[in-house]
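J.: How does the following fold in three dimensions:
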Amino acid sequence: MKTVIVSFLFCIATVLAELTEEQKEMIKPYKDACLAELKLDEAIIEQSKKEYLEQGKTEFSDQLNCFSACMFKKVGIMTEEGKFDEDMARALASGQFPEDEINKAINACKNEVGKDICETAGILFECFLKQRISVSS
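T.: Model prediction:
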């Protein structure tokens, strides 16, 4: 399950592909838990993504940053202290994407840090977006 979640995160952050219904169902428990923990309405997250992806907004909203942090922690690629766990990310993404692209993306993003956990997650997410990893077939 966590491998699927990491694949989802890398896909969203790189190819921006629409998720299949099966993928949506797999991430639903994590997504619902994060929405509940953060007391967020899903519409806020969707609006933030839309503003970034379609309207050219250059930064994620605080809500999307914190949502990203929650998802990263649930999957295990971010510690409770907000540190990116590159070993876990590599392990979970291995076999889902070409190794050279995984290494390129992780190496480019692993040292990104914000002023708090939420901002760090947002910066990491945006960094992965810029890496444009291709899904292996």
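J.: List the buried residues in the one helix or strand Phe125 maps to.
T.: According to DSSP states H and E, Phe125 maps onto helix 117-131. Under the neighbour-count criterion of 16 or more other C-beta atoms under 10 Å, helix 117-131 has 117-129, 131 buried. Any C-beta I mention is one placed from the backbone N, CA and C, and that applies to glycine too.
J.: any idea how far the longest helix anywhere in the chain is from the chain center?
T.: Using DSSP state H to define each element, the chain has its longest helix at helix 21-38. Its chain's C-alpha centre and that of helix 21-38 lie 13 Å apart, by C-alpha atoms, centre = their mean, to the nearest Å.
J.: now the buried residues of helix 117-131 in a markdown table, with pLDDT and distance to Glu54?
T.: Output for the buried residues of helix 117-131, formatted as a markdown table (pLDDT from 0 to 100; distance: C-beta to C-beta, whole Å):
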| residue | pLDDT | distance to Glu54 |
| --- | --- | --- |
| Ile117 | 96 | 27 |
| Cys118 | 95 | 22 |
| Glu119 | 95 | 22 |
| Thr120 | 95 | 25 |
| Ala121 | 92 | 21 |
| Gly122 | 88 | 18 |
| Ile123 | 90 | 21 |
| Leu124 | 89 | 21 |
| Phe125 | 84 | 16 |
| Glu126 | 82 | 15 |
| Cys127 | 85 | 20 |
| Phe128 | 81 | 18 |
| Leu129 | 76 | 13 |
| Gln131 | 75 | 20 |
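J.: Which of the residues you listed lies at the shortest distance from Pro29?
T.: Pro29 has its nearest neighbour among the buried residues of helix 117-131 in Ala121, at 18.9 Å by C-beta to C-beta.
J.: hang on, that closest one packs against Ile77?
T.: No. Applying C-beta atoms under 8 Å as the test, Ala121 and Ile77 come out as separate, 9.7 Å apart.
J.: Report all helices and strands that the longest helix of the chain contacts.
T.: helix 2-14, helix 42-53, helix 62-75 (3 or more C-beta pairs under 8 Å, 6 or more residues apart in numbering; DSSP states H and E).
J.: Now do the buried residues in the longest one.
T.: In terms of neighbour count (16+ other C-beta under 10 Å), helix 62-75 has its buried residues at 63-75.
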